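Student: Okay, here's the prediction I keep looking at, along with the sequence it came from:
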Amino acid sequence: MSHVRKIAETPWCNWYHCMGNTYATWLPGDPRGFRTRWEREQIDGDYRYPPPKGKYAARFQKSRVLMKREKVLLTLQQRRRAVDEIVKPLLKWKIELVVIVIDRVHLHALARFPDRDPRHFIGLAKKESSAYMKRDGLAPDGGLSAIKCECVPLTDRAHYDSVERYNTDHQTEGAIVWHRPVAPPLSEMDLSAFVLVE
């Protein structure tokens, strides 16, 4: 049985929850579940409901053989620096950023992207982060991150609150969390500024 997450076509007030991994920590065929590019292929299961044990074992083994280098597991020092280097460009580009979380293998971001192109900005920020860290000997050749990230449009205020809480809770698990200290309450925002243009 396939469990497909339903995602809103239009994000609530242009807010997204972006998630990514470090290089080679979630490969095609992973027993936890995976997706093919552009979801060209229907894959059974996901991380909540993993596929049947061993179903994609051959594909997972092939993915591991094709790896060009070792998987990237971030040290505490790398996590701290990566958070700094990802936050800086996003703020410079005037992305309304609420939370950035980086642990050993994951990146999470809660941010508003008025142009609705979060992958573009997160991708650029990851690229800048890896370049600066590589210059200082904190990142391997080839960078730290997997190529793409998943960007889930938020559906409403409750979804926003849930994602913010979920991300800030990572601090107890050894993640480095950047959380905007004074986020304006969304109930007081002028929502007319976020009129959706078709």
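Tutor: Structure received.

Student: for the closest residue in space to D136 that isn't next to it in sequence, what are its contacts?
Tutor: The shortest distance from D136 to any non-neighbouring residue, by Cβ to Cβ, 6 or more residues apart in numbering, is to R81 (7.8 Å). To be clear about C-beta, it is placed using only N, CA and C from the backbone, and glycine gets the same treatment. Contact analysis of R81 by Cβ atoms under 8 Å, 6 or more residues apart in numbering lists S129, M133, D136, L138.

Student: what comes up buried for the strand or helix carrying R165?
Tutor: Per DSSP states H and E: R165 is located in helix 157-168. Neighbour counts using 16 or more other Cβ atoms under 10 Å place H159, Y160, V163, E164, N167, T168 of helix 157-168 among the buried residues.

Student: for it, packing partners?
Tutor: Packed against helix 157-168 by the contact rule (3 or more Cβ pairs under 8 Å, 6 or more residues apart in numbering; DSSP states H and E) you find strand 15-21, strand 96-102, strand 106-112, strand 176-179.

Student: can I get those strands in TSV with distance to K71?
Tutor: Shown next, in TSV, are these (distance: least, Cβ to Cβ, whole Å):
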stretch	distance to K71
strand 15-21	9
strand 96-102	16
strand 106-112	13
strand 176-179	19
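
Student: Give me the residue ranges of the protein where confidence is low.
Tutor: The model of the chain has pLDDT under 70 over residues 1-8, 35-40, 47, 181-198.

Student: Can you pull the phi and psi angles for F60?
Tutor: phi -60, psi -40 (degrees, to the nearest 10).

Student: Roughly how far does it sit from C18?
Tutor: As judged by Cβ to Cβ, to the nearest Å, F60 and C18 stand 25 Å apart.

Student: Which residue of these two possesses the greater neighbour count?
Tutor: Set F60 next to C18 and count neighbours by other Cβ atoms under 10 Å: C18 wins out with 21 against 17.

Student: Show the contacting residues for the residue nearest to that one when sequence neighbours are not counted.
Tutor: Of all residues not flanking C18 in the chain, A109 sits nearest, at 4.3 Å (Cβ to Cβ, 6+ apart). Counting by Cβ under 8 Å, 6+ apart, A109 makes contact with Y16, H17, C18, M19, I86, L90, L97, V99, I100, V101, P118, I122.
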